[in-house]
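K.L.:
Got a predicted structure here, sequence first:
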Amino acid sequence: MTPEHAPARPLDMQRVLVLEDSQEDAEAIERAVSRTHPHLRLEFTSRGEGLVDRLLATPEVPGIVLLDLNMPGMSGYAVLKSLRARPELAEMTVVVFTSSTAPAEVDACYAAGADSYIYKPLNFDLFRTVLKGALDYWQQNKGQSAGPSSPSVK
């Protein structure tokens, strides 16, 4: 079967793949999600190289990807484009979660197929609230129960 006709991989909405090179931000994401969504399993990687091949080698893929743009090696934008180039990964929700607020980057990410673009707040309480809203929204959007209702983030 050719890649353009390959079926989408089943989603595991209890798994969130986090691409983040900052250890401090990765720890903040882990703390925030463990408080708001303790049932989710987070998987962390700091590099995008080889990610598509690793995902294609698994029978199920994470339902949500939190993607930092500014990473060493393969940029988050390049990761986004490589994920969206594979029909088998088309159902994965990609949330760009980054410190960049440049309008050109926001537009480029949406044009490349990002589902959401969210700025990382510096204040931890706001960081946790924004992250919770994004996870709740996308879990509910994919037909999963995410717990108590919260404002939509998109």
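P.N.:
The structure has been received and is ready for your questions.
K.L.:
Could you use CA atoms for every contact and neighbour count after this?
P.N.:
Noted.
K.L.:
does residue 65 count as helix, strand or coil?
P.N.:
Put simply, residue 65 is strand when judged by DSSP: H, G, I helix; E, B strand; the rest coil.
K.L.:
any weak-confidence spans in this structure?
P.N.:
Within the chain, the ranges that satisfy pLDDT under 70 run 1-6, 143-154.
K.L.:
try 50
P.N.:
Along the chain, segments meeting pLDDT under 50 span 1-2, 144-154.
K.L.:
hey, where'd the helices end up in it?
P.N.:
Listed in chain order, the helices of the chain (DSSP state H) span 23-36, 51-56, 76-84, 103-112, 124-141.
K.L.:
Give me the distance from stretch 27-40 to the chain's centre.
P.N.:
Distance, stretch centre to chain centre, for stretch 27-40: 14 Å (C-alpha atoms, centre = their mean, to the nearest Å).
K.L.:
Which single strand of this structure contains the most residues?
P.N.:
Counting by DSSP state E, the longest strand found in the chain is strand 11-19.
K.L.:
what does that strand rub up against?
P.N.:
The contact list for strand 11-19, computed with C-alpha atoms under 8 Å, 6 or more residues apart in numbering, reads 26, 39-48, 60-68, 76, 91-92, 139, 144.
K.L.:
what about burial for these, which qualify?
P.N.:
Buried members of the contacts of strand 11-19, scored by 16 or more other C-alpha atoms under 10 Å, are 26, 40-42, 46-48, 60-68, 76, 91-92, 139.
K.L.:
Can you report how many residues lie near residue 23?
P.N.:
10 (other C-alpha atoms under 10 Å).
K.L.:
same question but for residue 78, I mixed them up
P.N.:
Neighbours of residue 78 (other C-alpha under 10 Å): 16.
K.L.:
And for residue 72?
P.N.:
13.
K.L.:
If we ignore the residues flanking it in sequence, what's nearest it?
P.N.:
residue 47 (7.0 Å; C-alpha to C-alpha, 6 or more residues apart in numbering).
K.L.:
returning to that earlier point: pull up the pairing partners for the longest strand of the chain, direction included.
P.N.:
Here strand 11-19 has these sheet partners by DSSP bridges: strand 41-45 (parallel), strand 61-67 (parallel).
K.L.:
can you list the ones you listed in a markdown table and add distance to residue 30?
P.N.:
Output for these, formatted as a markdown table (distance: least, C-alpha to C-alpha, whole Å):
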| stretch | distance to residue 30 |
| --- | --- |
| strand 41-45 | 7 |
| strand 61-67 | 12 |
